[in-house]
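[1] Turn this into a model:
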Amino acid sequence: MAEALETPVSRRLASVKNIIIVISGKGGVGKSSSSVQLALALLNQAPGTRVGLLDLDLTGPSLPRMVGLDVPGATVHQSSAGWVPVYVDRSRRLGVMSIGFLLKDRGDSVVWRGPKKDGMIRQFLSEVRWGDLDYLVVDTPPGTSDEHISLLTHLHPMFTPTTERPTVPSAVVVTTPQKTALNDTLKSISFTRKLALPVLGLVENMAGYVCPCCNEVSDLFGSGGGERLAEEQGIGFLGRVPIDTQLVKLLDAVSKGEIPGADTDEGKETASEENKDEFPLLDKYNATTSSKVWKDIAKRVVEEIDKGRAIVAAGLAKV
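    Residues are numbered from 1 along each chain as shown. Below you'll find the model as predicted:
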C-alpha cells in the first residue's frame, strides 16, 4: 500500500481521529443545523468525546449563531501553535472555527474569488490548533463549489489510510424529501464519487411535522424520498428527521445570545470552579425530540466509520 504524503494539513490534522464532511445538493435543507446536531449527538456517544465544528460556508457562515457564539467576546486567538478555536463549553469538548469570528462586523459580506477562498480554507485546515479530537465535523456550502474542491484537494493526502490513521475523510449527505432537493442531492452524490469521497450515509431532514398538540405527523414536503434515493444509489440511509418546534425555539434562543457559549464575555463572567463542567447548550438540546433522532443517526455514523476502519485494518494486515 502506498505511503500517505505528509503535508502541513495532514500534520495539523494528525490528532483528529475522524473527519466528517456534511454536504447537501441545495440550500434550505437544514444542512448547517444538521452539522450542529451531528456534533452534539457525537458528544453524547461516549463520555469525554471531543468534537470540532469547522464552518467552511465562507460567504454565509451560520455556525457561530447556532451554538451561542455570535456575541461579544467570541473571537479567535493566535497562539504560538496556531489559531485557537472558540469553545462552546468550559470543559472544551466542542470547539468551533468560522470566518464569522474573523470579520470586524458580523454583518459584513464576504466577496471573494476562488483563490482567496482556497487560501482561507488552507489556513483553516493547517493552522487551527484543535488538539486531540475524536471527530471534526465540517459544514460546507450548499451544492458543489470552489470550497468543496479546495477542501478535498487539501485533504487528498489523507485519503490514503495508514496503520496510524486507518480512517479517511468521509461524507454525510443531507436532503429533504422534495423532488427538487432530491435531484440536486443526486448531483452531490455524483460529486463524491468523482472525487472518491466515501459516503457514510444520507439523512432525510424535514421529514414531516409533528404537531405539538396532538402528535399527528403531517408530511409537508412528501415522505420517503431520501430513503428511496439512498437505496437507488447504494448508500446507507441514516435516518429521517422531522421538523421539531422544540429545536426551532432552542436555536432561536441561542441565536439571541440567551444561551451564551463559554468563550463569550457573558460566559467568562459567569465561569466558576463549580460550573466548569456545565454544558448548557448540550443539556437543553438533549431535552428536544430531535436529539433522540440524531442520537440514533450518530450511532449509525459511528458504526459506518468503525466498519470502514475494520476493512482498512484487515487490508493493511495483509500488506
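[2] Only C-alpha atoms from now on, for both contacts and neighbour counts.
    Fine.
[3] List the residues that contact Glu127.
    12, 82-83 (CA atoms under 8 Å, 6 or more residues apart in numbering).
[4] With Gln246 instead?
    Gln246 touches 288-289, counting by CA under 8 Å, 6+ apart.
[5] How far does the helix or strand hosting it sit from its chain's centre?
    In the assignment (DSSP states H and E), Gln246 maps to helix 245-255. Centre-to-centre, helix 245-255 and its host chain are 18 Å apart (CA atoms, centre = their mean, to the nearest Å).
[6] what's the model's confidence in that helix, averaged?
    The pLDDT scores in helix 245-255 average 92.
[7] any low-confidence regions in this protein?
    Low-confidence segments of the chain, defined by pLDDT under 70, span residues 1-4, 106, 215, 269-277, 319.
[8] now the longest helix anywhere in it and helix 245-255, what's the angle there?
    The single longest helix within the chain, with elements called by DSSP state H, is helix 289-318. Using axes from the mean of the first three to the mean of the last three CA atoms, to 10 degrees, the direction of helix 289-318 lies 90 degrees away from that of helix 245-255.
[9] what packs against helix 289-318?
    On a contact count with 3 or more CA pairs under 8 Å, 6 or more residues apart in numbering; DSSP states H and E, helix 289-318 meets helix 31-43, strand 199-210, strand 237-243, helix 245-255.
[10] Buried residues, that helix. List them.
    289-291, 293-295, 297-302, 304-305, 308-309, 312-313 (16 or more other CA atoms under 10 Å).
[11] Kindly report the same for stretch 190-201.
    By neighbour count on 16+ other CA under 10 Å, the buried set for stretch 190-201 is 191-192, 197-201.
[12] Start and end of that stretch, how far apart?
    14 Å (CA to CA, to the nearest Å).
[13] just how off-centre is it within its chain?
    Relative to its chain's centre, stretch 190-201 lies at 16 Å (CA atoms, centre = their mean).
[14] Over to stretch 112-119?
    Relative to the chain's own centre, stretch 112-119 is displaced by 22 Å; criterion: CA atoms, centre = their mean.
[15] which residues are contacting it?
    Under CA under 8 Å, 6+ apart, the answer for stretch 112-119 is 58, 146-147, 150.
[16] now do 6 Å
    Ser150 (CA atoms under 6 Å, 6 or more residues apart in numbering).
[17] do the same with stretch 142-162
    In contact with stretch 142-162 (CA under 6 Å, 6+ apart) are residues 4-5, 24-27, 118, 168.
[18] from the chain's centre, how far out does it sit?
    The answer for stretch 142-162 is 15 Å, by CA atoms, centre = their mean.
[19] swap in stretch 168-186?
    The chain centroid and the centroid of stretch 168-186 are separated by 15 Å under CA atoms, centre = their mean.
[20] what helix or strand does Val22 sit in?
    Applying DSSP H and E, one finds Val22 within strand 19-24.
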